[in-house]
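Engineer: output the structure for:
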Amino acid sequence: MEIDKAIIEKTTKCIKHFACLKNKQHECCEIFMCLNNEICMIREAKSQVCKYKESGFTEVCTCPVRVEIYNKYKK
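Structural biologist: Next up, the predicted model:
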């Protein structure tokens with residue numbers, strides 16, 4: 001997968017060393033939709049520890065790299 005370097009550089013809170021870019025499905029939370037191309041709703045969280053995962057009514061992902069992967073590749 002190709003993600004703009006500027007998006008990667010602004011993803012400063014990633015503690016997983018950008019595992020989602022290795023194209024392994026088990027590394028990424030399953031997303032079912034994104035709002036405004038910025039906030040993704042998580043169907044299934046793959047990890048309990050992620051600085052971009054937020055809980056509320058539903059879990060959401062605000063990771064710039066993960067959001068771009070979903071928006072660009074629908075994965």
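Engineer: can you report phi and psi for the most centrally placed residue in the chain?
Structural biologist: Centroid check for the chain by C-alpha atoms, centre = their mean gives Arg66 as the closest residue, at 2.5 Å. The phi and psi values for Arg66, taken as degrees, to the nearest 10, are phi -60, psi -40.
Engineer: quick check, pLDDT for it.
Structural biologist: Here the pLDDT value assigned to Arg66 is 92.
Engineer: likewise Met1?
Structural biologist: For Met1, the predicted pLDDT is 79.
Engineer: same thing with the one 3 residues further on?
Structural biologist: Taken from the predicted model, the pLDDT recorded for Asp4 is 94.
Engineer: what sits against the residue nearest to the centre of the chain?
Structural biologist: Arg66 makes contact with Cys20, Cys28, Cys29, Ile31, Cys40, Tyr52, according to C-beta atoms under 8 Å, 6 or more residues apart in numbering. Any C-beta I mention is one placed from the backbone N, CA and C, and that applies to glycine too.
Engineer: who touches Cys14 in this structure?
Structural biologist: Cys14 neighbours (C-beta under 8 Å, 6+ apart): Lys51, Tyr52, Cys63, Val65.
Engineer: export stretch 40-60 to CSV, keeping only CA atoms.
Structural biologist: Extracted in CSV, the C-alpha atoms of stretch 40-60 (Å, rounded to 0.1, in the frame of the first residue of the first chain):
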residue,chain,number,x,y,z
CYS,A,40,-13.5,5.7,11.1
MET,A,41,-16.0,3.6,13.0
ILE,A,42,-14.5,0.3,14.1
ARG,A,43,-16.5,-2.9,13.8
GLU,A,44,-13.9,-5.0,15.5
ALA,A,45,-10.9,-3.7,17.4
LYS,A,46,-7.8,-5.9,17.0
SER,A,47,-5.8,-4.4,19.9
GLN,A,48,-6.7,-3.0,23.3
VAL,A,49,-3.7,-0.6,23.2
CYS,A,50,-3.8,2.1,20.6
LYS,A,51,-3.5,5.8,21.1
TYR,A,52,-5.8,6.5,18.1
LYS,A,53,-8.7,4.3,19.3
GLU,A,54,-11.4,6.1,21.2
SER,A,55,-14.4,4.5,22.9
GLY,A,56,-17.9,5.9,23.3
PHE,A,57,-21.1,4.8,21.8
THR,A,58,-18.9,2.9,19.4
GLU,A,59,-15.2,2.6,19.0
VAL,A,60,-13.6,5.0,16.5
